[in-house]
Structures are given as structure tokens and as C-alpha cells.
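Trainee: Show me how the following folds:
(chains A and B)
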Number of protein chains: 2
Amino acid sequence: MRSQALKSMPMKVSGHAPLDIGVLRTHLGYFLRRLQVEIFRDFIKSLSEFDVRPAQFSVLVLIGANPGRSQAEIGKALNIERARLAKMLNELERRRWVRRRSAVNDGRSHSLHLTPFGAEKLAQIKALAAIHERRLAARLGKDRRQQLLSLLQEFG
Amino acid sequence: MRSQALKSMPMKVSGHAPLDIGVLRTHLGYFLRRLQVEIFRDFIKSLSEFDVRPAQFSVLVLIGANPGRSQAEIGKALNIERARLAKMLNELERRRWVRRRSAVNDGRSHSLHLTPFGAEKLAQIKALAAIHERRLAARLGKDRRQQLLSLLQEFG
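Mentor: Predicted structure coming up:
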């Protein structure tokens, strides 16, 4: 009887009682976003020495792996809007990490390359990004990180 | 000999050849972000009739499921910065979906409630969000969506 009564008592309302996330529990986007924000925070902190954000990192990696491709191709591959990419590339040119060259056959189009200085920076940045990724594996568990990665890679 | 020669020939450079994502292949954050952006786009489109973005949806659901909690608690639960949440609540008050009440014991603190009108809107919004979620299940495959959801839920 006593435990029955205790069970039916309302929970003590405390400022620290956990909140009910309600229907968010069923929304994949909610959980994806939470983990993504956490990961990006750690990434930004890990790379603060180079002041490189995740989107800049993606652009640098793609230019490095695909020298000579156009701004439009890089933007399309990374789902970055034209104006935002142009701004990012201005910043990367200002740092002398990236160079835009006019394409031979099309004066309107620019092909993108890393400078030797940019390639050197990117190698250092990749090393820090790999440390971030190992920390993430430790936080999530190696197997769960791998499961998540495999599932997500299927959607490209 | 001939096939040997063909193999060593450089690939035809075409504007449509797929790009190599290089080391991004190993970064969980890259794939999480891609899927999250895709999901949020569909969410925003699905709820355009109500002009509700994912973060607003989360705030409404949490207020609905936890009436009377403070702005600080909601913000902490959802990892939303104080200034950003205040701005969102101003907008939700302007729409008469949410009401802030001064807490009895603390004039500085506000407790949050849905208005009856807000509760009605949230029910309609939840129905559209559920349709969005079903479309997502169709795109990802029901099983893979469930696997992803289960993995992500473990990290809160």
C-alpha cells in the first residue's frame, strides 16, 4: 500500500527534473541535429589553431582531392550555395591557401587549386581532424561510430 | 598490353565526372551534416504552411510536454543559446502560440505555456511533422531509419 501511494504521488517539481522530449523522440532529424552540433563544436575547437570550420575543411579537402575543378562543381558536391561558397573562397584566397584560375576555354569559369602553402596547411589540418575523429570514436564507442558511419555513407 | 595502357590513361576530364570526397569519407560529422541538411529542408517544406522551422518545432513540443518550465530549462534541454531562444519566444508570443508567465517565487524567471490556440496549432503541426517523418522512412528505408534512430537515441 505504501509503495502504491508513493508511486501515484506526483513527482517533486524541481528545476532539475529532466524534461520530457515528447514526440521529438520519434524524429530522426532531432537526434541527428543534436549529435551534429556536438560534433561540429568539437571539430571547431580541435581546429581553432587554424581557424577552420567544418564547411571550410570540406572545401579544402575537395579542392585538394580534385585539383582544377570548378567552383560550381565543388559547390554542387558539397551542397553549398553559390554566394556562400564564393565568400568562403575569398577568405581562403586571402589566406593564400587556394588559388582560382580562369579556365582556358571559358573565361567565366574558374578552376580551383590549393597553393603549396595551402596543401601544407591542409596536411596539418587533416592531422588535427583525425584526432577529433578518434576522440569522437572514444565518445561514441568505436563500433557504434562505425555502424553510424556505414549507415550514413549509404545515403551519400 | 592494350588494357594495361588504357588503365594508365588519365580519366577523361568531364564537368560531370564525380568528385572524390577524399578524407571526408572517414568523417562522421560530414555525413551527419549532409543528411541533417536534407532532412531539415524537407521538414521546412513540409511545414511551410505554418512557417515553422525545426528549432521552433522542438521548442513548441517541449513547452507542450512540460508546461510551466522555465526558459532556461527549455534552452538547456535543447542546447539553444539564451538570446536565440528569447528571440524565438518573442516570435511565438507574437503569434499567440506561447505565453510567458512570471514565476511566483522569482520575478526574473518566466514559466512557459502553450495557449489553447498554440496547442491547437501544435496538434496540426505534429500531424505534418509525422508525414515528413514517414516520407523520410520511405527515402531511407524503414529498417535503416529505425537503426539510425536507435543508434542516435543512445547519445541523447
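Trainee: pretty sure A:D20 is in a helix, no?
Mentor: No. Assignment of A:D20 by DSSP: H, G, I helix; E, B strand; the rest coil gives coil, placing it outside any helix.
Trainee: ok, how many other residues are close to it?
Mentor: Neighbour count for A:D20, taken as other CB atoms under 10 Å in any protein chain shown: 15. For every residue, glycine as well, the C-beta is placed using N, CA and C.
Trainee: mind listing what it touches?
Mentor: By CB atoms under 8 Å, 6 or more residues apart in numbering or on different chains, the residues touching A:D20 are B:L62, B:A65, B:N66.
Trainee: can you do 7 Å?
Mentor: B:A65, B:N66 (CB atoms under 7 Å, 6 or more residues apart in numbering or on different chains).
Trainee: Distance check, the closest residue to A:H27 other than its chain neighbours against A:I63.
Mentor: Nearest non-adjacent residue to A:H27, counting by CB to CB, 6 or more residues apart in numbering or on different chains: B:E133, 6.0 Å away. Distance, B:E133 to A:I63, by CB to CB, to the nearest Å: 36 Å.
Trainee: Also A:F57?
Mentor: Distance, A:F57 to A:I63, using CB to CB: 11 Å.
Trainee: Settle it for me: which of those two has more neighbours?
Mentor: A:I63 (27 against 24).
Trainee: The helix or strand hosting that one: what's the following helix or strand?
Mentor: In this assignment (DSSP states H and E), A:I63 forms part of helix A:54-65. Using DSSP H and E, the next helix or strand after helix A:54-65 towards the C-terminus is helix A:71-78.
Trainee: Taking their axis directions, the following helix or strand past that next one and helix A:54-65 sit at what angle?
Mentor: Moving toward the C-terminus from helix A:71-78, the next helix or strand (DSSP H and E) is helix A:82-94. Between helix A:82-94 and helix A:54-65, the angle comes out at 70 degrees (axes from the mean of the first three to the mean of the last three CA atoms, to 10 degrees).
Trainee: and the helix or strand that helix A:82-94 is followed by, which residues are buried?
Mentor: Following helix A:82-94 in sequence order, the next helix or strand is strand A:98-102 (DSSP H and E). Neighbour-count burial for strand A:98-102, counted by 16 or more other CB atoms under 10 Å in any protein chain shown, picks out A:V98, A:R99, A:R100.
Trainee: Of those, which is the nearest to chain B?
Mentor: A:V98 (15.1 Å; CB to the nearest CB).
Trainee: Could I get the contacting residues of the closest one?
Mentor: Counting by CB under 7 Å, 6+ apart, A:V98 touches A:I63, A:L89, A:L92, A:L112, A:L114, A:T115, A:G118.
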